[in-house]
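>>> Sequence first, predicted model second:
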Amino acid sequence: MDLEGLNKKYKRLTPRGRIIELYKDFDETKILYTSSFGTTAAILLKLIHEVNPKQNIFFLDTTYHFIETIEYKNQLINELGIHVIDVLPEEWKNEFTTTDKTWTVDQDLCCSVNKVEPMEKLKKGQEVWISGLLSYQNAHRKDLTIFEEKEGILKFYPIVDMTEKAVAQFFKKNSLPHHPLEAQGYSSVGCAQCTVKGKGRSGRWSNSSKSECGLHL
């Protein structure tokens with residue numbers, strides 16, 4: 001099925017229905033799922049684990065995450081029973097960005113070394129990449145469709161059209177724990193050096209025009 005056909009077919013389905021259909025339409029061994037364990041991550045983690053508990057979840061561990069994010073990840077692993085695989089950047093490059101404090105001089109390079117390059121290795125041989133992007137999060141994401149094709153892989157956003165209200169309702173209905181930094185004013189959480197308190201994604205790279213780490217551009 002072509003991209004337009006996929007989007008038309010999946011548009012009428014619920015997020016859960018879309019995930020169910022994905023595993024019918026594609027080889028599950030060719031489906032990649034990454035999670036940032038950010039403030040909205042628990043929605044997709046719960047839905048996918050309910051539909052396919054065998055699905056591996058990959059976490060890009062930049063080594064710069066807030067300790068609260070790691071604690072939240074461990075909490076969700078215990079509460080949801082999910083299987084998470086940590087993916088680290090190349091050690092010497094990561095050490096360089098630490099010594100150099102690359103995030104202070106070239107944020108794009110820091111993201112490339114610690115997120116984009118490890119992700120490129122994960123994507124090899126995969127057909128579909130599941131991600132929890134939401135259209136209300138920023139200007140870049142507002143026009144996203146359920147499927148898009150980027151660099152030879154289909155990106156699948158099953159919850160992209162959930163509203164902010166629907167997200168809050170899902171957390172409440174399913175008694176999902178919130179990221180501990182959310183109560184402190186962090187609506188979006190990334191690496192500790194480049195994240196401050198803020199509504200939406202305004203706290204990410206707040207001292208620059210950057211709005212994405214490079215994974216979804």
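Right, received. Where do you want to start?
>>> use CA for all of it now, contacts and neighbours both
OK.
>>> Near the closest residue in space to residue 64 that isn't next to it in sequence, how many other residues are there?
Of all residues not flanking residue 64 in the chain, residue 191 sits nearest, at 5.1 Å (C-alpha to C-alpha, 6 or more residues apart in numbering). Neighbourhood size, residue 191 [other C-alpha atoms under 10 Å]: 18.
>>> Please name every helix or strand in contact with the lengthiest helix in the chain.
When the chain is parsed with DSSP state H, its longest helix is helix 67-80. Counting contacts by 3 or more C-alpha pairs under 8 Å, 6 or more residues apart in numbering; DSSP states H and E, helix 67-80 packs against helix 41-51.
>>> Tell me which residues of the helix it packs on come out buried.
Using 16 or more other C-alpha atoms under 10 Å as the test for burial, helix 41-51 gives 41-50.
>>> And the average pLDDT for that helix is what?
The pLDDT scores in helix 41-51 average 97.
>>> ok, residues contacting it?
Taking contacts as C-alpha atoms under 8 Å, 6 or more residues apart in numbering, the residues outside helix 41-51 that touch it are 16, 19-20, 35, 55, 76, 80, 82, 132, 159, 167, 170-171, 176-177.
>>> Lowest-confidence entry in the residues you listed?
Comparing pLDDT over those, the lowest score belongs to residue 132 (91).
>>> helix, strand or coil for that one?
Three-state call for residue 132 (DSSP: H, G, I helix; E, B strand; the rest coil): coil.
>>> Any stretches of the chain with poor pLDDT?
1, 137-141, 200-201, 203-217 (pLDDT under 70).
>>> now the helices for it?
Ranges of helices in the chain, per DSSP H, are 3-11, 15-25, 41-51, 67-80, 91-100, 107-111, 117-123, 164-173.
>>> Against residue 163, how distant is residue 169?
With distances taken as C-alpha to C-alpha, to the nearest Å, residue 169 is found 10 Å from residue 163.
>>> Repeat that for residue 177.
Residue 177 sits 19 Å away from residue 163, going by C-alpha to C-alpha.
>>> Over to residue 13?
According to C-alpha to C-alpha, residue 13 and residue 163 sit 15 Å apart.
>>> got a list of what the residue lying closest to residue 134 once chain neighbours are set aside touches?
Spatial nearest neighbour of residue 134, excluding adjacent residues (C-alpha to C-alpha, 6+ apart): residue 160 at 4.1 Å. With contact set as C-alpha under 8 Å, 6+ apart, residue 160 has these partners: 132-135, 144-146.
>>> 10 Å - rerun?
Counting by C-alpha atoms under 10 Å, 6 or more residues apart in numbering, residue 160 makes contact with 15, 131-137, 141-147.
>>> can you count the residues close to the closest residue in space to residue 61 that isn't next to it in sequence?
Counting by C-alpha to C-alpha, 6+ apart, residue 61 lies nearest to residue 88, which is 5.2 Å off, once chain neighbours are set aside. Residue 88 sits with 17 neighbouring residues when counted by other C-alpha under 10 Å.
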